[in-house]
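*Asks:* Any chance you can model this:
(one chain, ligands or ions: 1)
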Amino acid sequence: MPSLLLSDQKMTTKTPLSDADSIKKKKKTTKIAAINGHDSPDTSLIKKIKRKRKISDDEEDGRSETSSELGIADADLKIGNGSSKKQKLIEKERGGSSEDEDGEVSADGEDEKEADPNAVSNFRISEPLREKLKSKGIESLFPIQAMTFEIVLKGCDLVGRARTGQGKTLAFVLPILESLTNGHAKESRKMGYGRPPSVLVLLPTRELATQVHADFQLYGGALGLSSACLYGGASFNSQQIALKRGADIVVGTPGRIKDHLERNTIDLKSLKFRVLDEADEMLRMGFVEDVELILGKVEDVSKVQTLLFSATLPSWVKQIASRFLKPEKKTIDLVGNEKMKASTSVRHIALPCSHSARAQLIPDVIRCYSSGGRTIIFTETKNSCAELAGVLRGARELHGDIQQSQREVTLAGFRAGKFLVLVATNVAARGLDINDVQLIIQCEPPRDVEAYIHRSGRTGRAGNTGVAVLLYEPKKSYAISRIERESGVKFEYISAPQPADIARSAGSEAAQSIISVSDSVVPVFRSAAEELLSSSGLSAVDLIAKALAKTAGYTEITKRSLLTSLENYVTLLLEAGKTIYTPSFAYGVLRRFLPDEKVEKLKGLALTADGKGAVFDVPAEDVDLLIAGQENADMVSLEVLTVLPTLQDKEQSRGGNGWRGGRFGSGGGSFDRRGSGGSFSNRRGGGGGGGGRGRSFSDRSGGGGFSNGGKQGGRGNRSERKW
Ligand SMILES: Nc1ncnc2c1ncn2[C@@H]1O[C@H](COP(=O)(O)OP(=O)(O)OP(=O)(O)O)[C@@H](O)[C@H]1O
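*Replies:* Residues are numbered from 1 along each chain as shown. Alright, predicted model coming up:
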């Protein structure tokens, strides 16, 4: 019997955990705590939870078992905090440890394995399934899987919630398969040719359907169960043939399943399980009626078990969803009321960038933060997806206007590493689990916070780390504060990587590649080199510098502004000796001493949090003229910035009169170390804007490369980049 779900008393029935040896028991609880990101003091809490569980299991009183009843809410059972301790643990869980002949984990010896309460061997998982899991490097269940396994096996309806990438798919796949083959659903499920499905899994996108179906094929196949995948854009006939033959498990999107119902090609009367994966998205997409119609086809609702999973469950979804689940449903919520709803193993970064600077900026963001792995870029619309994919070298697009067959080819190519940059709309936001996605770029803040959580959750999965960069127009900074408020994410504010810094790191790679050229070329090129050296008028060092630049793909170095990330723009700060209440006031001041045509070329004007200044971008060629212009105005100063100061929330700037102190401005001057990247915010002047939270920008201007948890891009020279 499984560990987490049972009382200590029940555990005595199971061999590995039954040993009354107190040392082992101690190890066991410590490991539970470690998996959940806690140290030993919380082990008593885990025991409490177990005791509570024991009581509620025994009582079987039909009450809904909520996370708070289980004591799971808040930080108590938090997972995925990215700590190195947990990291190692997950690596171990994923099979990173060496195995002995019996396939047992031997990292810390036999005791260690026995001490793992979530070891697969501690659950009622049959041998073929166990073997399959082992072949995939899975020796231990993740918390959401461990905590829901027995509940599902016992026949309860369930709402399951855990952060992105924490293994919710296997949390329903494994107990369903066990139920069908060895559990309560075994006797009543239909068999033989033409059998109707016993399991229906509904999900919002075709790509996700394919992925979940692959899991059922893999694990269900090991138990002799067949499955079919039904989604639009694919051949109806082949789906019909599969259903006619008989499929135990059907995975699909609501639209196509409804089509099958209308054509009488599917019979959902005798379902044993109904699963709503990414339920909130399905309902948000307007599938409520379809979902209700599909789920309503079951003949005897008392005989079907309904499971609902997502990383996000807004309250309106819970209300609708409760129509589909029995009142005595159980809830396992590993996010609960915790403030942080997004993945905790992801570094969340916000970077100001005007729309027109995106295409130039994104390659450098990829170079700085992708660690050479895959990147997914999210756009809000299909048009901007196609447009961006068209200008980013080596990138491919994925959105709803692409033919289904091409969508599949594209995703397969991305999974296989044939190209490393995928530009996608929200079709790729939910559920997709793709190996080695290191970086997520969102081109603008999404409208709803759930989208931010799911998109950024395409990286940092299963205990791995990742980076999510959110680009935003400076004038839309209020959208960032909304996401922070609603998701609990604390963004690291940076300004754009400077091309010079990128070029510096490309230069050292180019140097390596030059050194590795065979000596055999020297006699052939020597005379040309001598000729060049004497005719160029350059020193040998300068000449080599140019050769390195060319090798790295650079013929000039541009500057990128701090505010809008535009190349060949420079960020200036205006101060007028008094509070600047509104952007129009700032424009008025500028017009006093600058020609109109120059003022009209300014970009992204925003007010500083201390209320004393305005920042804006100007074309690099105008800078000298503008700086000189300040001589004509009293009490006015203009200066070139190297670090962006803390800015006001735009909503507040729009508010006109009565600047009340920056909602974004905090007491300035303090350093804010974040993440492993070692960047720090360096707020100019440090004038706190009358309270409120600070939006500080990391100082990248010191040059010397970019930090990404110690990882540098290192993907070859500029001309060889894959994107
Ligand atoms: N027990 C386990 N041990 C190791 N890896 C696991 C385990 N369970 C699942 N995984 C892996 O973790 C990854 C994430 O799993 P999954 O896609 O089910 O996450 P999820 O919680 O559904 O995420 P999302 O909310 O984004 O859909 C997958 O690659 C899966 O194979």
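*Asks:* The protein against the ligand: which residues are in contact?
*Replies:* With Cβ under 6 Å from any ligand atom as the criterion, the chain meets the ligand at residues 93-94, 138, 140-142, 145, 162, 164-170, 311, 431, 433, 457, 461-462. From N, CA and C alone the C-beta is placed, and that goes for glycine too.
*Asks:* excluding its backbone neighbours, what's nearest Tyr193?
*Replies:* Gly246 (5.6 Å; Cβ to Cβ, 6 or more residues apart in numbering).
*Asks:* How many residues are close by that neighbour?
*Replies:* 16 (other Cβ atoms under 10 Å).
*Asks:* correct me, but it touches Gly194?
*Replies:* Yes. Counting by Cβ atoms under 8 Å, Gly246 does reach Gly194; the two are 5.0 Å apart.
*Asks:* Now do the same for Ser477: its pLDDT.
*Replies:* Here the pLDDT value assigned to Ser477 is 84.
*Asks:* what about it, neighbour count?
*Replies:* Every residue meeting other Cβ under 10 Å relative to Ser477 is counted, giving 24.
*Asks:* The stretch 501-650 of the chain: helices as residue ranges?
*Replies:* 521-536, 540-551, 583-593, 596-600, 623-629, 650-654 (DSSP state H, counting those that start in this stretch).
*Asks:* Could you say which of these is packed most deeply?
*Replies:* Mean neighbour count (mean count of other Cβ atoms under 10 Å) peaks for helix 650-654 among the helices of the stretch 501-650 of the chain, with a mean of 19.
*Asks:* Point out where the stretch 51-200 of the chain drops to low pLDDT.
*Replies:* 51-114 (pLDDT under 70).
*Asks:* For the stretch 501-650 of the chain, give me the ranges with low pLDDT.
*Replies:* Counting by pLDDT under 70, the ranges of the stretch 501-650 of the chain that qualify are 650.
*Asks:* Output the residue of it whose distance to the ligand is smallest.
*Replies:* Proximity of the stretch 501-650 of the chain to the ligand (Cβ to the nearest ligand atom) peaks at Ser565, 29.0 Å away.
*Asks:* Need the pLDDT of Thr12.
*Replies:* Residue-level pLDDT assigned to Thr12 equals 25.
*Asks:* Which among the helices of the stretch 501-650 of the chain is found nearest to Asp277?
*Replies:* helix 650-654 (36.0 Å; Cβ to Cβ).
*Asks:* How about Pro197, nearest residue that isn't a chain neighbour?
*Replies:* In space, Pro197 is closest to Val250, 4.3 Å off (Cβ to Cβ, 6+ apart).
*Asks:* any idea how far the host helix or strand of the one you found is from the chain center?
*Replies:* Using DSSP states H and E, Val250 falls within strand 249-252. Centre-to-centre, strand 249-252 and its host chain are 26 Å apart (Cα atoms, centre = their mean, to the nearest Å).
*Asks:* and if you look at stretch 268-284?
*Replies:* Worked out by Cα atoms, centre = their mean, stretch 268-284 lies 24 Å from the chain centre.
*Asks:* Render the CA-only coordinates of it in CSV, please.
*Replies:* The C-alpha coordinates for stretch 268-284 follow below in CSV (Å, rounded to 0.1, in the frame of the first residue of the first chain):
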residue,chain,number,x,y,z
LEU,A,268,-19.8,6.6,-24.2
LYS,A,269,-22.5,4.8,-22.2
SER,A,270,-20.4,2.5,-20.3
LEU,A,271,-17.4,4.7,-19.4
LYS,A,272,-15.7,3.9,-16.1
PHE,A,273,-13.5,7.0,-16.1
ARG,A,274,-13.9,10.5,-17.4
VAL,A,275,-10.9,12.8,-17.2
LEU,A,276,-10.9,16.5,-17.7
ASP,A,277,-7.3,17.5,-18.3
GLU,A,278,-6.5,21.3,-18.3
ALA,A,279,-10.2,21.6,-17.4
ASP,A,280,-10.1,25.4,-17.0
GLU,A,281,-8.7,26.0,-20.5
MET,A,282,-11.3,23.7,-22.0
LEU,A,283,-14.1,25.6,-20.3
ARG,A,284,-12.5,29.0,-21.0
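*Asks:* element containing Leu307?
*Replies:* Here Leu307 is assigned to strand 305-310, by DSSP H and E.
*Asks:* Pull the residues that contact that strand.
*Replies:* 152, 155-161, 168, 171-172, 176, 179, 185, 272-281, 295, 317, 321, 324-326, 329 (Cβ atoms under 8 Å, 6 or more residues apart in numbering).
*Asks:* Now list the buried members of those residues.
*Replies:* Buried by 16 or more other Cβ atoms under 10 Å: 152, 156-161, 168, 171-172, 176, 179, 185, 272-281, 295, 317, 321, 324-326, 329, out of the contacts of strand 305-310.
*Asks:* Quick check: Val517 vs Ala511, distance?
*Replies:* 11 Å (Cβ to Cβ, to the nearest Å).
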